[in-house]
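Participant: Pasting the sequence and the predicted coordinates here, then a few questions.
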Amino acid sequence: MNNDFTFTIKSQVLDENYKPSNSTRITTNFANLARGESRQQNLRNALKMINSNFNALAHWDNPEANRYAVELEIVSVDMAIAGSDSAFPSIEVLKTTVIDHQTNERIEGIVGNNFSSYVRDYDFSVLLLEHNKGRERFSIPEKFGELHGKLFQTFIKSDTYKAHFKKTPVICLSVSDNKVYQRTDNQHPVLGYEYVPNEASLTEQYFQKMGLQVRYFMPPNSVAPFAFYFFGDLLNDYTNLELISTISTMAAFQKIYRPEIYNANAVAGNRYQPNLKNQDHSLTQVVYDREERSRLAIEQGKFAEAHFIKPYQTVLEKWSANFA
């Protein structure tokens, strides 16, 4: 099965000097920051937020709140179909490394965190939109997300993935603004209180096809729960420092991109419905163009359609049908 695709992994440091490569999805959180006049200040502010948040959460043996720093690496995955001489930029994620200034140790963090994919852009911004054009009731196309899910699982099981990463990924996303979340009594020292949604969101169903489960937690110092997507056992497969590296990284990005939810002035209660029209929130010192992001998602979806979905449609459909 894995011989049908060849995966190539490239990585690039995400620091204040980062410039997006030509194959990076421009809608990706970190790429969107690294554009325009404020690019360097944006990146500097975002990285400062991540480090402050990390030290606030990893507070034991850390009296000055400066023991740790987080280094970020952008991991780009190119995928080539057997017999093809060109590779397609398929997935981009972030990898965290924790620097312990006290012991001078470099501690491997978590891979995943942010998740971007051209095929997902195609599914949501081209296929789903076209399927619902002119329909009175919203519906989901047949086999929606199946190809993407199988491609992702093939990558995670590949020798290439295993050669680069010791553990499976954890992806941390925003909660859905059309679902209601109920707080439970389950409390984790790092992840915080667990919440459960009233029903599964479309994103949840999509990620399920990628083989991922989801749990919702509101970490200490956060004002709303996050969606954590994972394989295996989220609470026992990862150390506290690994989990904190994901929480601090994604909390910073969500405060920037979803300030109405994650930089709200009121903390989520026992029953919580996120609201993207919430006026009672603060803005971060980071410049960000949300409208451009929505427009670019459609452009990127069309790029995937033109360079991957259509040229290899027959091969992909046959492969998907035989996927074990």
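Facilitator: Okay, I see it.
Participant: So which residues make contact with stretch 131-150?
Facilitator: Applying C-beta atoms under 8 Å, 6 or more residues apart in numbering, the external contacts of stretch 131-150 come out as 117, 119-120, 123, 127-128, 202, 205-206, 208-211, 316, 319-320, 323. (Glycine included, C-beta is placed from N, CA and C.)
Participant: hmm, try it at 7 Å
Facilitator: The contact list for stretch 131-150, computed with C-beta atoms under 7 Å, 6 or more residues apart in numbering, reads 117, 119-120, 123, 127-128, 206, 209-211, 316, 320, 323.
Participant: same check, this time on stretch 237-256
Facilitator: Residues contacting stretch 237-256 (C-beta under 7 Å, 6+ apart): 29, 46, 49-50, 53-54, 57-58, 70, 72, 94, 96, 98, 107, 109-110, 113-114, 167, 170, 172, 174, 189-191, 219, 222, 226, 262-263, 284, 286, 288.
Participant: now do stretch 198-208
Facilitator: Contact with stretch 198-208 is made by 145, 173, 176, 179-180, 214, 229, as judged by C-beta under 7 Å, 6+ apart.
Participant: Now do the helices in the stretch 151-300 of the chain.
Facilitator: 159-164, 202-208, 234-237, 240-257, 259-262, 290-304 (DSSP state H, counting those that start in this stretch).
Participant: want to try JSON lines for those helices, with distance to Thr103 as columns?
Facilitator: Output for the helices of the stretch 151-300 of the chain, formatted as JSON lines (distance: least, C-beta to C-beta, whole Å):
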{"stretch": "helix 159-164", "distance to Thr103": "25"}
{"stretch": "helix 202-208", "distance to Thr103": "36"}
{"stretch": "helix 234-237", "distance to Thr103": "23"}
{"stretch": "helix 240-257", "distance to Thr103": "12"}
{"stretch": "helix 259-262", "distance to Thr103": "32"}
{"stretch": "helix 290-304", "distance to Thr103": "39"}
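Participant: which stretch in those helices has the least confidence?
Facilitator: Ranked on mean pLDDT, the bottom entry among the helices of the stretch 151-300 of the chain is helix 290-304, at a mean of 78.
Participant: Quick check: next helix or strand after it?
Facilitator: helix 313-321 (DSSP states H and E).
Participant: what's that following helix packed up against?
Facilitator: helix 146-157 (3 or more C-beta pairs under 7 Å, 6 or more residues apart in numbering; DSSP states H and E).
Participant: Helix 313-321 and the helix it packs on, what's the angle between them?
Facilitator: Angle, helix 146-157 to helix 313-321, by axes from the mean of the first three to the mean of the last three C-alpha atoms, to 10 degrees: 70 degrees.
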